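*Asks:* quick one, structure for this:
(chains A and B)
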Amino acid sequence: AQSVTQPDIHITVSEGASLELRCNYSYGATPYLFWYVQSPGQGLQLLLKYFSGDTLVQGIKGFEAEFKRSQSSFNLRKPSVHWSDAAEYFCAVGVNNAGNMLTFGGGTRLMVKP
Amino acid sequence: ETGVTQTPRHLVMGMTNKKSLKCEQHLGHNAMYWYKQSAKKPLELMFVYNFKEQTENNSVPSRFSPECPNSSHLFLHLHTLQPEDSALYLCASSQASSSQSLYGYTFGSGTRLTVV
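*Replies:* Presented below is the predicted three-dimensional model:
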């Protein structure tokens, strides 16, 4: 079965600094990969997704993620963080022909310092 | 507004009460899901419905009873809950196809449930 690990539970960055959130997955083939963001009291919003093709994918709100097969990683990046980016971020993996289930990582809570 | 609406947003119930959570989507999706989000735990998949048929029950206790009368509506009926069931309950929907993982899910804002 597939699994997702987000090694960092909390990350604090200064406003304007760059950001990288780590995500590692375990699966024998190429999975479908997603990043979601959750603001306090809200549901999860899709930031970006990868299934094939260009390994660098662009998402909403200025985020991007890079799929690295050799490292089984799909890290989320943003060149300059805004205070409104403070939220919890979830990486998820989906597997074709495995039902319609996404497996989520434990999440990374991002705090932004002024 | 994501297109997936959950009501109520907040619910406080006693352990002997019976209540229901409602989820509604008008995105044309045919798959709907219930997830439980507890503090300091990963999102837990509870139930999956494809074209109104339940296709997954992730070992959920029988005090949680889902119902999917049509592809647009999903309910979670609650009875004799325990305090440890207090959590954010999230509904999601997606396209239902053999490649439905491709689409990801659209989530509602959740129902914050407190069992007292």
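*Asks:* who are the contact partners of the residue nearest in space to the middle of chain B?
*Replies:* Centroid-nearest residue in chain B, with C-alpha atoms, centre = their mean: residue B:34, separated by 2.6 Å. Counting by C-beta atoms under 8 Å, 6 or more residues apart in numbering or on different chains, residue B:34 touches B:23, B:45-47, B:66, B:74, B:76, B:89-91. Placement of C-beta: from N, CA and C, glycine included.
*Asks:* where in the chain is pLDDT low?
*Replies:* By default, I'm working from chain A. Chain A contains residues with pLDDT under 70 at A:96-100.
*Asks:* not quite, go with chain B.
*Replies:* Scanning chain B for pLDDT under 70 picks out the ranges B:1, B:97-103.
*Asks:* what number of residues lie near the closest residue to residue B:66 other than its chain neighbours?
*Replies:* Among residues not flanking residue B:66 along the chain, residue B:47 sits closest, at 4.5 Å (C-beta to C-beta, 6 or more residues apart in numbering or on different chains). Around residue B:47 there are 22 other residues, counting by other C-beta atoms under 10 Å in any protein chain shown.
*Asks:* next one: residue B:68
*Replies:* For residue B:68, using other C-beta under 10 Å, the count is 20.
*Asks:* show me how far the helix or strand it falls within is from its chain's centre.
*Replies:* Residue B:68 belongs to strand B:64-70 when elements are defined using DSSP states H and E. Per C-alpha atoms, centre = their mean, to the nearest Å, the displacement of strand B:64-70 from the mean C-alpha position of its chain is 9 Å.
*Asks:* show me what contacts the nearest residue to the residue nearest to the centre of chain B once chain neighbours are set aside?
*Replies:* Spatial nearest neighbour of residue B:34, excluding adjacent residues (C-beta to C-beta, 6+ apart): residue B:46 at 4.2 Å. Listed by C-beta under 8 Å, 6+ apart, the contact set of residue B:46 reads B:33-36, B:57-58, B:60, B:64, B:66, B:76.
*Asks:* repeat for residue B:17
*Replies:* Taking C-beta under 8 Å, 6+ apart, we find residue B:17 in contact with B:78-79, B:81.
*Asks:* can you select the buried ones among those for me in ChimeraX?
*Replies:* Buried residues among those (16 or more other C-beta atoms under 10 Å in any protein chain shown), as a ChimeraX selection:
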select /B:78,81
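*Asks:* can you tell me which of the contacts of residue B:17 lies closest to residue B:109?
*Replies:* Comparing the contacts of residue B:17 against residue B:109 with C-beta to C-beta places residue B:78 closest, at 18.3 Å.
*Asks:* so that closest one: helix, strand or coil?
*Replies:* strand (DSSP: H, G, I helix; E, B strand; the rest coil).
*Asks:* okay, and the beta partners of residue A:93?
*Replies:* Beta-bridge partners for residue A:93, by DSSP bridges, are residue A:33, residue A:103.
*Asks:* good, wrapping up.
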